[in-house]
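Visitor: Sequence unavailable; structure follows:
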DNA sequence: AATATTCATCAGGTGTACCTGACAAAATAG
DNA sequence: CTATTTTGTCAGGTACACCTGATGAATATT
């Protein structure tokens, strides 16, 4: 089997993984899907996980959103009890958004579900997969950088930083 | 390193993969993201890829959607030139939805992008990853089945079938 | 032929992720 | 102390994925 065909077959399996994860999440109505972490309210939770107690305006800047959208999502999250909005004392215009305990747990949940999928893997396989994912992830990093060398998008910058501190504490490529 | 920690680390890398794919897709505004294949208009394209020239009603049934939603998406796809709507001759109530050439290419695109990520992998690594993904995917299959033993959701059934014929032509677990 | 069923459409609605424009309160600069 | 900038809110808008209810047209049943 040529490399190219093998690549395609493997790519197919990755797509399959994505689809299966999707169906699995739908079947077991757990959470709305960890991909939701990248949009709207999820984004905000993610940003606060990286750094808590941020002014609403700062959130908007980091997430490349308008202040209005940000305000909307923050309000929705507040209604769900996932964040708190407190007026700053030093500057009464500004609102400090913080994760509540529930909010903190919410972000954790989205990551904790996945290990289930890995329980059938041996130690060796986990090592192999880990190494391979590192390679693949590095590759995607590069693709992103070549598409946007200076990473203008603050949100993307943030995701990168988040990924680093969260999953590769020793690796300082970024 | 214990198995559990290793599992978690690997899970993290999988999440990272998901995030990077997302950012990558956003940066290089290629396609709206292959996840879109699971919702709305994407669903319909997917169903038609599995079996073309379906009555609108049949689409609705397979996708677990109301006839109205289905009609809406089909219309949108028609406007984009991805499907055609033709009144059946034998039964003039029913509308047969078919993929156009453009529509067929559209579904292919969402899968063809991924191999890029795999170009840095050696032959050995591709084999390893393939085997591991098989295991992981099987595991998720099982989880889905245990959550919904008879797979009542037609759409899920369809995704499964699609995955099979597309990526595991020899494997007949489903 | 009259009735009931089927398929699709129209109209209207909800929720989520966004956006622009207008504007007020608070802080800072001149 | 007035003028400007900053932060946030209100109002209103678009697009997408859905949904329910009502209705018309074609087919099937009696």
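Guide: Perfect, I can see it now. If you're wondering where the values come from, they're calculated on a predicted model, not measured in any experiment.
Visitor: if you skip the residues just before and after it, what's nearest to residue A:73?
Guide: Once flanking residues are discounted, residue A:73 sits nearest to residue A:41: 4.7 Å by C-beta to C-beta, 6 or more residues apart in numbering or on different chains. Placement of C-beta: from N, CA and C, glycine included.
Visitor: In chain A, what residue lies closest to DNA strand D?
Guide: residue A:57 (2.7 Å; C-beta to the nearest atom of the strand).
Visitor: got the phi/psi numbers for that residue?
Guide: Note on residue A:57: its backbone torsions stand at phi -60, psi -40 [degrees, to the nearest 10].
Visitor: what sits against the residue lying closest to it once chain neighbours are set aside?
Guide: Nearest residue to residue A:57, sequence neighbours excluded (C-beta to C-beta, 6+ apart): residue A:67, at 6.3 Å. By C-beta atoms under 8 Å, 6 or more residues apart in numbering or on different chains, residue A:67 lies in contact with A:56, A:57, A:60.
Visitor: backbone phi and psi for the closest residue to DNA strand C within chain A, please?
Guide: Closest approach between chain A and DNA strand C, counting by C-beta to the nearest atom of the strand: residue A:40, at 2.6 Å. Backbone torsions of residue A:40, given as degrees, to the nearest 10, read phi 50, psi -120.
Visitor: gap between the closest residue to it other than its chain neighbours and residue B:131?
Guide: Residue nearest to residue A:40 in three dimensions, not counting chain neighbours: residue A:73, with 5.4 Å by C-beta to C-beta, 6+ apart. Using C-beta to C-beta, to the nearest Å, residue A:73 is found at 41 Å from residue B:131.
Visitor: can you pull out the helices in chain A?
Guide: A:3-27, A:40-50, A:56-63, A:67-79, A:101-112, A:123-147, A:154-167 (DSSP state H).
Visitor: As a markdown table, those with distance to residue B:161 would be great.
Guide: Shown next, in a markdown table, are those (distance: least, C-beta to C-beta, whole Å):
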| stretch | distance to residue B:161 |
| --- | --- |
| helix A:3-27 | 11 |
| helix A:40-50 | 31 |
| helix A:56-63 | 39 |
| helix A:67-79 | 37 |
| helix A:101-112 | 28 |
| helix A:123-147 | 27 |
| helix A:154-167 | 34 |
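Visitor: Let me know which of those helices is tucked in deepest.
Guide: helix A:40-50 (a mean of 21; mean count of other C-beta atoms under 10 Å in any protein chain shown).
Visitor: interface residues of chain A facing DNA strand D?
Guide: Contact residues (C-beta under 7 Å from any atom of the strand) of chain A with DNA strand D: A:55-57, A:60, A:67-68, A:71, A:74, A:85, A:91, A:93-95.
Visitor: sorry, back to before: quick one, what contacts the residue nearest to residue A:40?
Guide: A:40, A:41, A:43, A:44.
Visitor: With pLDDT as extra columns, can I get the residues you listed in CSV?
Guide: Below are those laid out as CSV (pLDDT from 0 to 100):
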residue, pLDDT
A:40, 90
A:41, 93
A:43, 90
A:44, 94
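Visitor: Tell me, what's the model's pLDDT at residue A:52?
Guide: You'll see residue A:52 listed with a pLDDT of 93.
Visitor: correction: residue A:120
Guide: The model's pLDDT for residue A:120 equals 84.
Visitor: Quick check: phi and psi at it.
Guide: phi -90, psi 0.
Visitor: give me the number of residues near it?
Guide: Applying other C-beta atoms under 10 Å in any protein chain shown, we find 13 residues neighbouring residue A:120.
Visitor: Over to residue A:86?
Guide: Residue A:86: 11 neighbours (other C-beta under 10 Å).
Visitor: Just list whatever residues bridge to it.
Guide: According to DSSP bridges, the residues that bridge with residue A:86 are residue A:96.
Visitor: show me what contacts it?
Guide: So residue A:86 contacts A:95, A:96, A:98 (C-beta under 8 Å, 6+ apart).
Visitor: Pick the one among those residues closest to residue B:162.
Guide: residue A:98 (43.7 Å; C-beta to C-beta).
Visitor: how about that closest one, what does it touch?
Guide: A:48, A:52, A:53, A:83, A:84, A:86.
Visitor: rerun that using 7 Å as the cut-off
Guide: A:52, A:53, A:83, A:84, A:86 (C-beta atoms under 7 Å, 6 or more residues apart in numbering or on different chains).
Visitor: Now, of these, which are buried?
Guide: A:83, A:84 (16 or more other C-beta atoms under 10 Å in any protein chain shown).
Visitor: Turn the contacts of residue A:98 into a markdown table, including distance to DNA strand C.
Guide: What follows is those, written out as a markdown table (distance: C-beta to the nearest atom of the strand, whole Å):
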| residue | distance to DNA strand C |
| --- | --- |
| A:52 | 20 |
| A:53 | 17 |
| A:83 | 13 |
| A:84 | 18 |
| A:86 | 14 |
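Visitor: From the contacts of residue A:98, which land in strands?
Guide: A:83, A:84, A:86 (DSSP state E).
Visitor: now the end-to-end length of stretch A:60-73.
Guide: 10 Å (C-alpha to C-alpha, to the nearest Å).
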